[in-house]
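S.K.: Here is a sequence together with a model predicted from it:
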Amino acid sequence: MKVLKIFLGVIFILFIGQIIPYRFDSTSDKRFEISNETELILKDLEEPIKIDILLHGKMPAEYHRLRRETKELLKSMNQKSEKIIFEFIDPFDGEEDANSLINEMEKYGISPEISFENNAQNIQRTIFFPWAIVSNNKKSVLVPLTKRNLGDNKIEKINRSIRELEKGFYEAFLRINLKEKRRIAVLTSHETSEDILLADFIKSLQKYYQVASFDLNALESDPQKTLNNLNRFELLLVSNPKKKFNYKEKYIIDQYIIRGGKSIWLLNNFSLDKNSLFKIGGESMALYNDLNLDDIFFKYGIRLNRNIVEDMFCAPIVLAKGQNNESEYIPVPFSYYPLSRPIQNNLIGKGNSEVLLRFPISIDTLKNTLDKEILIESSKLSRIKKFPFLISLEESISSFSLSNFKSESKFLGVLVRGLFESAYKNKIRPDKITDSKHKIGESEMIIIGDGELAENQIEKNIALELGYDKWTNNFYSNKNFLIDCVHYLMKNESLLKIKNKETNIGLLSESKVLANGFFWKLFMLVIIPVFVYMIGIIGIINRKIKFSK
């Protein structure tokens, strides 16, 4: 009778569980408990969202955990909103020509991952698609399920991907729900970064914003109209200008800032011939290039120093050693390419890994009423060289020694915010500008001492992904960091909060697994089954003794 009651109780609990769709998250970090930001956007969905997850079928063993975590997250989302419908699909199911399928998928931006594993004497190749397609009746958004970072091994890559799953789906929902994109201007005058060098960054921004080029000199005879046009944009991006700004142009930018316009400045104040430098025995002079911005930044509490920062914690460059067919390509550390992990105690930097800077200049903050927050800095093993000076490839490599790098950290990127006062208060107003404002206005700007930070590399006239170095096959976080800068200035802080959700995934100690692996295999495969059998035998003997009496 007691057994029957227990059985009926279990059946009742299972029945209630089917009627009441409650999911209890028992994980210590509540990784399956979706954030407030995601919950809010799920409530705002106007029509059903279909999610096709392509991570299905044959895949490496470690990706099964990513698939399982994806399924659990989507179940949690479905519980919050019945408009979330998801399905796991094997792209290769029923397909006879795998190569044709791969080519077709790549046309739509769905690139495969290829895994090679040693199986006895054979090398097994597995092709799979760690992607999800989020769509409604109007548009579709691709969500990559894997994230890559510099130095991640297979397990770390999976763990990072799991941590960022919710962010990926949140961004997809946001883009599908987006009715009107806010506007960003990219400065194209003053010999700024070429279009193809900014191609990947601009493409990434266009998912969330309307991005347009802006020339301060397009209406040279009507500066007031230029200012009016600029005021239509919420953010101005200035990437690697090489031409001097004149008084009228700076006045227009100052007026834009005073009226609440946000700005990102990626700056170098020197010239350098890289073609001469990056060759055998190469060298080049680093010469000061006056952009005529010192006065306006001084008013905002910023000084761009006339130096270049070197750092022992740096990225490698690849040099050829040998001649003709006997050449070897060897990576060597290059101190002019510092690697800096953004400061982690703010919304912008948190969660981002190392950013690659190339020939950065240091920045000083000056005391005034504006608030400054450091976003990027060099390591404590750094040094500066004031230009003009000769950069020699050979000297840079030979002097790469701890004894030569004993300076303190240098500021490389700063956020300035607060009530800005015009840098041109009580100064002459340029001709034909009729609407001037010199009162204090609230704004924010980010200044980074690397003009090339947003520039991608090029291969066969095609823009590569920002942050990817084709020479070393390393991947840096330049794009994620810069996009977070834009989201912050554009007040899309929900995207930053969702990114910074803490998820702690417990890992096994590899050293302990190797040391005690045999014991645990023996324990799980032999001792536990024997123990269970012994319990069963004791129970049977006990019953026989009991009933024999």
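M.R.: Okay, I see it. Residues are numbered from 1 along each chain as shown.

S.K.: Quickly list the domain ranges of the chain.
M.R.: By the record's domain assignment, the chain is partitioned as 18-23+30-176, 181-271+289-309+341-392+402-491 (automatic domain parsing).

S.K.: How far off centre is the shortest one?
M.R.: It refers to domain 18-23+30-176. Taking Cα atoms, centre = their mean, to the nearest Å, one finds domain 18-23+30-176 lying 18 Å from the centre of the chain it belongs to.

S.K.: Mind checking the pLDDT average for that domain?
M.R.: Domain 18-23+30-176 carries an average pLDDT of 85.

S.K.: in stretch 229-237, what's buried?
M.R.: By 16 or more other Cβ atoms under 10 Å, the buried positions in stretch 229-237 come out as 229-230, 233-237. Using the backbone N, CA and C atoms, a C-beta is placed for each residue, glycine as well.

S.K.: a markdown table please, covering the residues you listed and showing pLDDT.
M.R.: Formatted as a markdown table, those follow (pLDDT from 0 to 100):
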| residue | pLDDT |
| --- | --- |
| Asn229 | 95 |
| Leu230 | 96 |
| Phe233 | 97 |
| Glu234 | 97 |
| Leu235 | 98 |
| Leu236 | 98 |
| Leu237 | 98 |
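
S.K.: now, which of the residues you listed lie within strands?
M.R.: Of these, the ones assigned to strands by DSSP state E are 235-237.

S.K.: quick one, helices of the stretch 201-350 of the chain?
M.R.: With helices called from DSSP state H, counting those that start in this stretch, the stretch 201-350 of the chain shows them at 223-230, 247-258, 274-277, 294-299.

S.K.: in the shortest one, what counts as buried?
M.R.: Along helix 274-277, the positions that meet the burial threshold by neighbour count (16+ other Cβ under 10 Å) are Leu277.

S.K.: switch to numbering from 9
M.R.: Got it, first residue is 9 now, which makes that one helix 282-285.

S.K.: pLDDT (mean, whole number) over it?
M.R.: Per-region confidence: helix 282-285 scores 90 on mean pLDDT.

S.K.: Which residues does it contact?
M.R.: 290-292, 399, 401 (Cβ atoms under 8 Å, 6 or more residues apart in numbering).

S.K.: one step back: with respect to Lys529, which of the domains of the chain lies nearest?
M.R.: domain 26-31+38-184 (16.6 Å; Cβ to Cβ).

S.K.: Excluding residues flanking it in the chain, which one is nearest Lys88?
M.R.: Leaving aside its sequence neighbours, Lys88 sits nearest to Leu50 (Cβ to Cβ, 6 or more residues apart in numbering; 4.9 Å).

S.K.: now that neighbour, what's its secondary structure?
M.R.: helix (DSSP: H, G, I helix; E, B strand; the rest coil).

S.K.: if I pick Ile118, what's in contact with it?
M.R.: With Cβ under 8 Å, 6+ apart, Ile118 has these contacts: 62, 137, 139, 141, 150.

S.K.: how about a cut-off of 10 Å?
M.R.: Counting by Cβ atoms under 10 Å, 6 or more residues apart in numbering, Ile118 touches 62, 99, 110, 112, 137-139, 141, 150, 152.

S.K.: can you redo those residues as TSV with secondary structure and neighbour count?
M.R.: Listed next are the contacts of Ile118 as TSV, based on DSSP: H, G, I helix; E, B strand; the rest coil; neighbours: other Cβ atoms under 10 Å:
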residue	secondary structure	neighbour count
Leu62	coil	21
Pro99	coil	22
Ile110	helix	19
Glu112	helix	13
Phe137	coil	25
Pro138	coil	23
Trp139	strand	22
Ile141	strand	18
Leu150	strand	15
Pro152	strand	17
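
S.K.: Pick out whichever of these sits closest to Arg191.
M.R.: Leu150 (24.3 Å).

S.K.: ok, what's across the strand from the closest one?
M.R.: Leu150 has these beta-bridge partners by DSSP bridges: Ile141.

S.K.: ok, of the contacts of helix 282-285, which come out buried?
M.R.: 290, 292, 399, 401.

S.K.: Let's see which of those end up in strands.
M.R.: 292, 399.

S.K.: Which positions within whatever helix or strand Gly176 lives in qualify as buried?
M.R.: Assigned by DSSP states H and E, Gly176 belongs to helix 173-185. By neighbour count with 16+ other Cβ under 10 Å, helix 173-185 contains the buried residues 173-184.

S.K.: With distance to Val326 as extra columns, can I get the domains of the chain in a markdown table?
M.R.: Converted to a markdown table, those look like this (distance: least, Cβ to Cβ, whole Å):
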| stretch | distance to Val326 |
| --- | --- |
| domain 26-31+38-184 | 16 |
| domain 189-279+297-317+349-400+410-499 | 4 |
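
S.K.: Show me which of the buried residues of helix 173-185 is closest to Ile535.
M.R.: Out of the buried residues of helix 173-185, the member with the shortest distance to Ile535 (by Cβ to Cβ) is Leu173, at 36.8 Å.

S.K.: For Phe531, grab the count of nearby residues.
M.R.: By other Cβ atoms under 10 Å, the residues close to Phe531 number 12.

S.K.: Let me fix that, I meant to ask about Ser108.
M.R.: Close neighbours of Ser108, defined as other Cβ under 10 Å, add up to 10.
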